[in-house]
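A.B. asks: Sequence plus the predicted model coming up.
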Amino acid sequence: MKTPAIDLNNVSRKFVSPQGKVTLALREFSLTVNEGEFCAIVGPTGCGKSTTLGMITGLNPPSSGSVRVFGQPVTGIDPNIGFVFQADAVFPWKNVIDNIAIGPIYRGMDKSAAKDKAADWVRRVGLAGFEHHYPHQLSGGMRKRVALAQTFINEPRILLMDEPFSALDVQTRALMQDELLGLWSERKASVVFVTHDIEEAIALADRVVVLSKGPGSVKSTYDIPLARPRDVAEARYTQQFIDLSKQIWSDLKDEVQV
Ligand SMILES: Nc1ncnc2c1ncn2[C@@H]1O[C@H](COP(=O)(O)OP(=O)(O)OP(=O)(O)O)[C@@H](O)[C@H]1O
């Protein structure tokens with residue numbers, strides 16, 4: 001069997017506050033993501049979704065259990081991993097092209113080669129003509145395009161996304177979901193995509209994992225058999241999609257009810 005891209009095996013994660021209060025964020029949690037697989041995680045607030053991503057990055061080691069990336073124990077920040085978060089990670093004092101060129105420059109690429117590569121990505125994410133704009137001169141959707149280009153330019157083998165589109169309006173969100181699938185399909189990174197939105201999870205993923213309320217563990221897993229390439233807006237209206245949303249919601253609603 002092929003080594004999975006990500007393997008969290010029976011992990012638990014405890015946090016201790018300065019006052020000594022102990023919070024168990026995850027309990028006996030296991031998750032495997034195969035190479036090239038798009039996995040979405042849904043779960044109630046506070047169930048440990050962001051903690052899970054933190055463990056994969058190495059920023060947030062587990063209290064017990066093991067975390068492996070491409071078969072190797074996670075010991076620190078791995079350059080194969082790219083992130084996109086809800087908040088824009090763009091630098092306000094840099095223009096679009098300089099923001100996108102940061103990764104390659106940081107990784108040692110010559111500045112002018114990095115800018116050439118960034119120019120290509122500007123075009124690929126539909127921002128041609130905006131190269132010299134600063135983030136405050138862009139819409140939320142355009143800033144998100146910069147963030148996607150900033151991440152994809154580094155050709156990550158693993159992509160971690162924490163509610164990346166939740167601050168966008170519904171239409172922009174649907175556009176960005178389509179763009180994400182387009183970019184992802186070119187190289188097929190292994191993705192862990194955290195969202196509160198069941199429909200977003202189904203539209204994007206190969207597999208949706210539902211977490212129980214905190215301390216989180218896997219409640220159920222759904223394979224998403226929708227054909228690819230997917231048109232996110234169209235797929236939502238198919239019976240298969242609606243049935244999956246109902247099933248996943250019936251699992252999740254028990255966890256979110258107080
Ligand atoms: N650094 C920390 N110190 C103390 N407790 C923490 C820390 N980080 C997370 N927690 C706690 O761990 C639990 C899980 O948090 P986490 O942010 O992973 O949840 P989440 O599922 O991503 O939540 P949300 O959906 O609201 O973003 C919560 O109870 C949170 O308060």
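C.D. replies: Structure's in. What do you need?
A.B. asks: Okay, buried residues for the lowest-mean-pLDDT helix or strand in the chain please.
C.D. replies: Ranked by mean pLDDT, DSSP states H and E, the weakest helix or strand in the chain is helix 232-235, scoring a mean of 86. Neighbour-count burial for helix 232-235, with 16 or more other C-beta atoms under 10 Å as criterion, is recorded at 232, 235. Backbone N, C-alpha and C define where each C-beta goes, glycine included.
A.B. asks: just stretch 5-24 next, same as before
C.D. replies: Within stretch 5-24, the residues scored as buried using 16+ other C-beta under 10 Å are 5-8, 11-13.
A.B. asks: swap in stretch 124-131?
C.D. replies: Buried, per 16+ other C-beta under 10 Å, within stretch 124-131: 124-125, 127, 130-131.
A.B. asks: With pLDDT, distance to the ligand and secondary structure added, can I get those residues in a markdown table?
C.D. replies: As requested, the buried residues of stretch 124-131 are exported to a markdown table (pLDDT from 0 to 100; distance: C-beta to the nearest ligand atom, whole Å; DSSP: H, G, I helix; E, B strand; the rest coil):
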| residue | pLDDT | distance to the ligand | secondary structure |
| --- | --- | --- | --- |
| 124 | 87 | 30 | helix |
| 125 | 87 | 26 | coil |
| 127 | 91 | 29 | coil |
| 130 | 95 | 31 | coil |
| 131 | 94 | 34 | coil |
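A.B. asks: picking that back up, from the buried residues of stretch 5-24, which single one is nearest residue 200?
C.D. replies: residue 6 (20.2 Å; C-beta to C-beta).
A.B. asks: If we ignore the residues flanking it in sequence, what's nearest that closest one?
C.D. replies: Leaving aside its chain neighbours, residue 6 sits nearest to residue 33 (4.1 Å; criterion: C-beta to C-beta, 6 or more residues apart in numbering).
A.B. asks: Could you report the pLDDT at the closest residue to the ligand within the stretch 101-250 of the chain?
C.D. replies: The ligand sits closest to residue 214 of the stretch 101-250 of the chain, with a gap of 5.2 Å, by C-beta to the nearest ligand atom. Looking at residue 214, its pLDDT reads 78.
A.B. asks: what ranges do the helices span in the stretch 151-258 of the chain?
C.D. replies: Remark: helices assigned in the stretch 151-258 of the chain by DSSP state H, counting those that start in this stretch are 170-187, 198-204, 232-235, 239-256.
A.B. asks: how about a markdown table for the ones you listed, with distance to the ligand added?
C.D. replies: Output for these, formatted as a markdown table (distance: least, C-beta to the nearest ligand atom, whole Å):
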| stretch | distance to the ligand |
| --- | --- |
| helix 170-187 | 17 |
| helix 198-204 | 13 |
| helix 232-235 | 22 |
| helix 239-256 | 10 |
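A.B. asks: Pick the most deeply packed of those.
C.D. replies: helix 198-204 (a mean of 24; mean count of other C-beta atoms under 10 Å).
A.B. asks: and that one, what's its mean pLDDT?
C.D. replies: Per-residue pLDDT over helix 198-204 has a mean of 96.
A.B. asks: Excluding sequence neighbours, find me the nearest residue to residue 223.
C.D. replies: residue 207 (5.6 Å).
A.B. asks: May I ask you to confirm that the one you found is in contact with residue 39?
C.D. replies: Yes - the criterion here is C-beta atoms under 8 Å, and residue 207 meets it with residue 39 at 5.0 Å.
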